[in-house]
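*Asks:* Structure here, sequence nowhere to be found:
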């Protein structure tokens, strides 16, 4: 099974890029029905800006970050894993 990551960024729901993406995904589903589609909408859920807390987290050892309740790198690591784990 292929994993496909779709990243959308247009703030307009009726944008050409979103319309094209919808058509492309419909065609993909028809040809490769077992493909797993992962959608990341950066307009609806933008990642936070890099701030001092994020930079501090980058400088901590992994073990030290894991011990913190609010690991500033958690979302970053999850997004990187999402990208790496996809085939397309």
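*Replies:* That came in fine, so what should we check first? Just so it is clear, the model here is predicted, and its values are computed rather than measured.

*Asks:* Residue 40 falls within a strand, correct?
*Replies:* Yes: Residue 40: assigned to a strand according to DSSP: H, G, I helix; E, B strand; the rest coil.

*Asks:* Contact partners for the spatially closest residue to residue 34 that is not a sequence neighbour?
*Replies:* Using Cβ to Cβ, 6 or more residues apart in numbering and skipping residues adjacent in sequence, the residue nearest residue 34 is residue 1, 4.9 Å away. Yep, even glycine has a C-beta here, placed from its N, CA and C like the rest. Contacts for residue 1 (Cβ atoms under 8 Å, 6 or more residues apart in numbering) come out as 34-36.

*Asks:* Compare the residues you listed and tell me which is most surrounded.
*Replies:* residue 35 (15 neighbours; other Cβ atoms under 10 Å).

*Asks:* Would you quantify the distance from it to residue 50?
*Replies:* Per Cβ to Cβ, to the nearest Å, residue 35 is found 33 Å from residue 50.

*Asks:* How about residue 42?
*Replies:* Residue 42 sits 15 Å away from residue 50, taking Cβ to Cβ as the criterion.

*Asks:* do the same with residue 36
*Replies:* From residue 36 across to residue 50, the span is 30 Å (Cβ to Cβ).

*Asks:* Mind checking what helix or strand follows the helix or strand bottoming out on mean pLDDT in the chain in sequence?
*Replies:* Within the chain, no helix or strand scores below helix 62-67, which has a mean of 71 by mean pLDDT, DSSP states H and E. Using DSSP states H and E, the next helix or strand after helix 62-67 towards the C-terminus is helix 74-85.

*Asks:* chain center to that following helix, what's the gap?
*Replies:* When C-alpha coordinates are averaged (Cα atoms, centre = their mean, to the nearest Å), helix 74-85 and its chain have centres 7 Å apart.
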